[in-house]
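Undergrad: Have a look at this fold, sequence not included:
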């Protein structure tokens with residue numbers, strides 16, 4: 001835990017390697033100082049088509065799924081750390097957003113085999 005899921009517009013791949021974006025998200029999660037580095041998981045999904053009412057040409061959105069129990073300050077610490085890392089990419093004409101979603105601790109199941 002956490003699971004950091006990056007959704008992004010496909011054309012961003014013309015500006016930056018997605019592995020670089022993933023590394024920035026990973027480093028942001030590390031910088032938040034809330035999780036063991038070995039527990040952080042990052043994955044990415046590209047969208048071929050998207051619509052943005054603001055007229056921007058692209059987006060990066062990070063959903064940070066964490067086990068329930070963290071307070072608002074800790075969640076904000078995570079979103080800001082990830083956002084700050086992504087801003088260092090210097091990408092323009094796109095929206096970058098980060099959110100935290102709680103996973104119900106009681107119903108979460110995990111197996112490592």
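TA: Now that the structure is in, tell me what you want to look at. Note that this is a predicted model, so its numbers are computed, not measured. Numbers count the residues shown, from 1 in each chain.

Undergrad: Report the next helix or strand after the top helix by length along the chain in sequence order.
TA: Ranked by residue count under DSSP state H, the longest helix found in the chain is helix 72-87. Later in the chain than helix 72-87, the nearest helix or strand by DSSP states H and E is strand 94-103.

Undergrad: So which residues make contact with that following strand?
TA: Applying CB atoms under 8 Å, 6 or more residues apart in numbering, the external contacts of strand 94-103 come out as 1, 9, 12, 52, 54, 56-68, 70, 75, 78-79, 82-83, 86-87. C-beta coordinates here come from the backbone N, C-alpha and C atoms, glycine included.

Undergrad: before we move on, the earlier item: okay, angle between the longest helix of the chain and strand 94-103 too, please.
TA: Angular relation of helix 72-87 and strand 94-103 on a 0 to 180 degree scale: 150 degrees, by axes from the mean of the first three to the mean of the last three CA atoms, to 10 degrees.

Undergrad: List the neighbours of helix 72-87 that are in contact with it.
TA: If you take CB under 8 Å, 6+ apart as the criterion, helix 72-87 is touched by 2, 4, 21, 24-25, 27-29, 31-34, 60, 62, 64, 66, 70, 96, 98-100.

Undergrad: can we see that at 7 Å?
TA: Helix 72-87 is contacted by residues 24-25, 27-29, 31-32, 34, 60, 62, 64, 96, 98-100 when judged by CB atoms under 7 Å, 6 or more residues apart in numbering.

Undergrad: How about stretch 29-41?
TA: Residues from elsewhere that reach stretch 29-41 (CB under 7 Å, 6+ apart): 1-4, 26, 74, 77-78, 81-82, 85.

Undergrad: Of those, which count as buried by neighbour count?
TA: Members of the contacts of stretch 29-41 that pass the buried threshold by neighbour count (16 or more other CB atoms under 10 Å) are listed as 1-2, 4, 26, 77-78, 81-82, 85.
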